[in-house]
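Asks: Give me coordinates for this.
(2 chains)
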Amino acid sequence: MAELTLNHYLILSGVLFSIGVIGVLTRRNVIVVYMCIELMFNAANLMIIAFSNSLGDMTGHVFVFMVMAVAAAEAAVGLAIIIALYRNKKTVDVDEVNLLKG
Amino acid sequence: MQLLMFYLIGFFAVLSAVSMIVVRKPLNSALFLILNMICLAGLFALLNAHLIAVLQIIVYAGAIMVLVLFVIMVLNLREKDGDITVRKVAAQFVGIIVVSVVMVMVGASVDPSAISALGSASPEFGTVVGVGKTLFTDYILPFEIVSVLLLAAIIGAVILSKSKV
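Replies: As a prediction, this is how the structure comes out:
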């Protein structure tokens, strides 16, 4: 195993995705939670690119391009929601935002 | 050589990701995330995805993270002192389970003998020319739909962040 294979990239991608999941579960600041979601996006992108390279097919690059566009749209809307939330509740702690709790 | 580069960049990627969720201040988290994204851009370049590597730095590390840093600085947040609660321990337990499941899935889904070395087929692979040709011939409709999505996101962000309607 002295050669760089697809497995290396898949394992690294899994590790990064898991770190993102742990971050979402443990952190309470909504901006940090948002950044952990971005980390998971990136891990998924890495896996797509690795498979694209392994299969010699450039469709994966187009897919990652689309993911980036959606992430940019998500960043704009998500951060606008965070600002609106802070304006109304004076907090960005996800435990204190429970308006929809039954 | 490639393996060495992979381990070096991958080590920094994991290190910065762990630092991101460990440090207290959101601002430091954002800076570690930028480091992580730059590491991933290096990995993309290692995988012959040159255009995606550049886009990763421009769009993610540039545009999106500047927006995040801007919001963090506007809100000027004070992180409360973290206390170890039952919920936090439970969350870490769930996180460890998720890690194990992902690792088992990755390990089970990959056949080491089937896929040997990574390599690119054509010299156009991953360049602006190659990705552009794929994007503007086979995937022209999704490309146009993405532009509509971005327009909707612009309008939505402006309406959401308005103070009074």
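Asks: so where's the chain shaky on pLDDT?
Replies: No chain was given, so I picked chain A. Scanning chain A for pLDDT under 70 picks out the ranges A:1-2.
Asks: that answer is for a different chain, and I need it for chain B
Replies: Along chain B, the parts satisfying pLDDT under 70 run over B:78-84, B:87, B:108-121, B:164-165.
Asks: For the spatially closest residue to A:L10 that is not a sequence neighbour, the count of nearby residues, please.
Replies: Excluding the flanking residues, the one nearest A:L10 by Cβ to Cβ, 6 or more residues apart in numbering or on different chains is B:V106, at 4.9 Å. All C-beta spots, glycine's among them, are computed from the backbone N, C-alpha and C. When neighbours are defined as other Cβ atoms under 10 Å in any protein chain shown, B:V106 has 18 of them.
Asks: From chain A, how far off is the residue nearest the centre of chain B?
Replies: When chain B is reduced to its mean C-alpha position, the closest residue under Cα atoms, centre = their mean turns out to be B:M37, at 5.9 Å. From B:M37 across to chain A, the span is 6 Å (Cβ to the nearest Cβ, to the nearest Å).
Asks: in which helix or strand would I find that residue?
Replies: Element membership for B:M37, per DSSP states H and E: helix B:26-46.
Asks: Could you identify the helix or strand that succeeds the strand or helix carrying B:A90?
Replies: B:A90 belongs to helix B:86-109 when elements are defined using DSSP H and E. Next along the chain after helix B:86-109, taking DSSP H and E as the criterion, comes helix B:128-137.
Asks: got the contact list for that next one?
Replies: Helix B:128-137 has contacts (Cβ atoms under 8 Å, 6 or more residues apart in numbering or on different chains) with A:58-59, A:61-62, A:65, B:50-52, B:122, B:124, B:143.
Asks: which of those are buried?
Replies: In those, burial by neighbour count holds for A:58-59, A:61-62, A:65, B:50-52, counting by 16 or more other Cβ atoms under 10 Å in any protein chain shown.
Asks: Report the two of those residues separated the most.
Replies: By the measure Cβ to Cβ, A:T59 and B:H50 form the most distant pair in these, at 16.5 Å.
Asks: distance of A:V70 from chain B?
Replies: Taken as Cβ to the nearest Cβ, the span from A:V70 to chain B is 7 Å.
Asks: rewinding a little: and the contacts of helix B:128-137, which two are furthest apart?
Replies: In the contacts of helix B:128-137, two members sit farther apart than any others by Cβ to Cβ. They are B:S122 and B:F143, at 21.8 Å.
Asks: Of the contacts of helix B:128-137, just say which sits nearest to A:I11.
Replies: Distances from A:I11 to the contacts of helix B:128-137, taken by Cβ to Cβ, are shortest for B:I52, at 20.2 Å.
Asks: Which strand or helix spans that closest one?
Replies: Using DSSP H and E, B:I52 falls within helix B:50-55.
Asks: so what does that helix touch, helix or strand wise?
Replies: helix A:59-89, helix B:26-46, helix B:128-137 (3 or more Cβ pairs under 8 Å, 6 or more residues apart in numbering or on different chains; DSSP states H and E).
Asks: give me that answer again for 10 Å
Replies: Applying 3 or more Cβ pairs under 10 Å, 6 or more residues apart in numbering or on different chains; DSSP states H and E, one finds that helix B:50-55 makes contact with helix A:30-55, helix A:59-89, helix B:26-46, helix B:128-137.
Asks: Contacts made by it with the rest, please.
Replies: When contacts are taken as Cβ atoms under 10 Å, 6 or more residues apart in numbering or on different chains, the neighbours of helix B:50-55 outside the stretch itself are A:45, A:48-49, A:52, A:58, A:60-62, A:64-65, A:68-69, B:38, B:40-47, B:49, B:59, B:62, B:125-132, B:135.
Asks: which of those count as buried?
Replies: When neighbours are counted using 16+ other Cβ under 10 Å, these contain these buried positions: A:45, A:48-49, A:52, A:58, A:60-62, A:64-65, A:68-69, B:38, B:40-47, B:49, B:59, B:125-127, B:130-131, B:135.
Asks: before we move on, back to that, turn the helices and strands packed on helix B:50-55 into TSV, columns for distance to A:L4.
Replies: Formatted as TSV, the entries for those read as follows, by distance: least, Cβ to Cβ, whole Å:
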stretch	distance to A:L4
helix A:30-55	10
helix A:59-89	18
helix B:26-46	8
helix B:128-137	21
